[in-house]
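J.: sequence-free structure coming up:
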């Protein structure tokens, strides 16, 4: 008579071992091949793998693997891994208001992936995002020295808080009480790390029109240190810079106003100010002649997915209409081409709420009709009022990543993050079995 096989495993028997359940030394695989395998795994599997042993943790948190994973995700973002990040509109006058974020799928906005709140601060302006790392700053504080610059990875719930530099930088305030600060954020391949650029501006000391003076500082995420670049690094003819920079291929781009002399007369033209994260130098990138003299605050720098890569683009927004321009060859003025123009039939709320999904599709938030998209290949406008709430504002594209996972300096402990997270509402139970939020 056959004995029934016991389902209980012997105590000395090891569980089934997959590639991410064994120490690296036992796999006997070249590191480059192993990285090629690992970069294709889901993010949750990679996070769990860091807990196996020190060798796994070192590999998965190394700059080499993190940069390889970020590049892989970027190249595959058009398919399944790219999402768009939105946030709820904030009420700056409310003490209880806090910034809430929502992630939507890239294709049709029908899939709402997740919702989350940043565990630090309440009322954020979004500087930018790169490789799943979101850079935030609280513009609504009247004392910026007391408010942190925040680098946040929602995927792994890691947060790095950077103090505003106090190396002699003079910060003035607008009449509305906002600090006169301009930001940019991106990845520097030469140092294999992320950097934040902060430009403070104030009246007096330089400039032709309003005497605007600029001072630049750079924050290196890897060592959590600020570097003062001084007053003379920004081109002398710059008058104003739009506060949010756009990152592409190691360079941050801002739309700005410059003073030029035309036929002996001073005129103000639009151009693009660039900052190379590698050598930390400012330069100027010329716009096409059709855009240099347009109305102020109608241009926005964007990145445009085009033929399997991202290229630099500009959105020109006037009342109900929008036009999209791209560069066929970077930094060459003659390579600017206009792809299309479209009238949405309702005033576009502002250029920050313009989403460029590709060189054929743009999504905008209109003043009366909520969110709408235009597909140039189909010459058709679509309405998204049933999928994207009108109360959401656009932030940036978003991918899941492991950035900040292995960093200790400047990163808040998980307990500290949990303490600052909003507390869940308690439910009061009644005899009838109903529950009511209190």
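T.: Perfect, thanks for sending it. Everything numeric here is computed off the predicted structure, so don't read it as measured data. Residues are numbered from 1 along each chain as shown.

J.: My read is that residue 183 contacts residue 127, right?
T.: Yes - Residue 183 lies in contact with residue 127 (CB atoms under 8 Å); the separation is 4.1 Å. The way it works is simple: take the backbone N, C-alpha and C, and place the C-beta from them, glycine included.

J.: List the buried residues in stretch 339-351.
T.: The neighbour-count check on stretch 339-351 (16 or more other CB atoms under 10 Å) flags 342, 344, 346, 347, 348, 349, 351 as buried.

J.: which residues sit in contact with the fifth one?
T.: In this structure, residue 348 makes contact with 317, 319, 320, 322, 354, 364, 365, 366, 367, judged by CB atoms under 8 Å, 6 or more residues apart in numbering.

J.: Please indicate which of these are buried?
T.: 317, 322, 354, 364, 365, 366.

J.: Which one of the residues you listed is nearest to residue 174?
T.: Closest approach between the buried ones among the contacts of residue 348 and residue 174, by CB to CB: residue 317, at 22.8 Å.

J.: May I have the beta-bridge partners of the closest one?
T.: Counting by DSSP bridges, residue 317 forms beta bridges with residue 322.

J.: residue ranges with poor pLDDT in the stretch 101-250 of the chain?
T.: Applying pLDDT under 70 to the stretch 101-250 of the chain picks out residues 106-112, 121-123, 139-147, 164, 166-170, 176-177, 203-211, 232.

J.: For the helix ranked longest in the chain, which helices and strands make contact with it?
T.: Determined from DSSP state H, the single longest helix within the chain is helix 63-75. Applying 3 or more CB pairs under 8 Å, 6 or more residues apart in numbering; DSSP states H and E, one finds that helix 63-75 contacts helix 31-38.

J.: Just the angle for the helix it packs on relative to helix 63-75, thanks.
T.: Put simply, helix 31-38 runs at 40 degrees to helix 63-75, going by axes from the mean of the first three to the mean of the last three CA atoms, to 10 degrees.

J.: Now do the buried residues in helix 31-38.
T.: In helix 31-38, counting by 16+ other CB under 10 Å, buried: 35, 38.

J.: Which of the contacts of residue 348 sits closest to residue 217?
T.: Proximity of those to residue 217 (CB to CB) peaks at residue 354, which lies at 28.9 Å.

J.: Correct me if wrong: that closest one contacts residue 361.
T.: No - with contact defined as CB under 8 Å, residue 354 does not reach residue 361; the gap is 11.7 Å.

J.: Quick check: the gap between the residue nearest the centre of the chain and residue 287.
T.: The residue lying closest to the centre of the chain (CA atoms, centre = their mean) is residue 129, at 1.4 Å. Distance of residue 129 to residue 287, computed by CB to CB, to the nearest Å: 25 Å.

J.: got it, and residue 256?
T.: Using CB to CB, residue 256 is found at 10 Å from residue 287.

J.: Spatially, what comes nearest to residue 304 if we skip its sequence neighbours?
T.: residue 313 (3.9 Å; CB to CB, 6 or more residues apart in numbering).

J.: which residues are contacting the helix or strand where that neighbour lies?
T.: Per DSSP states H and E, residue 313 falls inside strand 309-318. Residues outside strand 309-318 that contact it (CB under 8 Å, 6+ apart): 74, 248-249, 253, 255, 272, 287, 291, 294-295, 298-304, 322-328, 330, 336, 348, 350-351, 354, 356, 359, 362.
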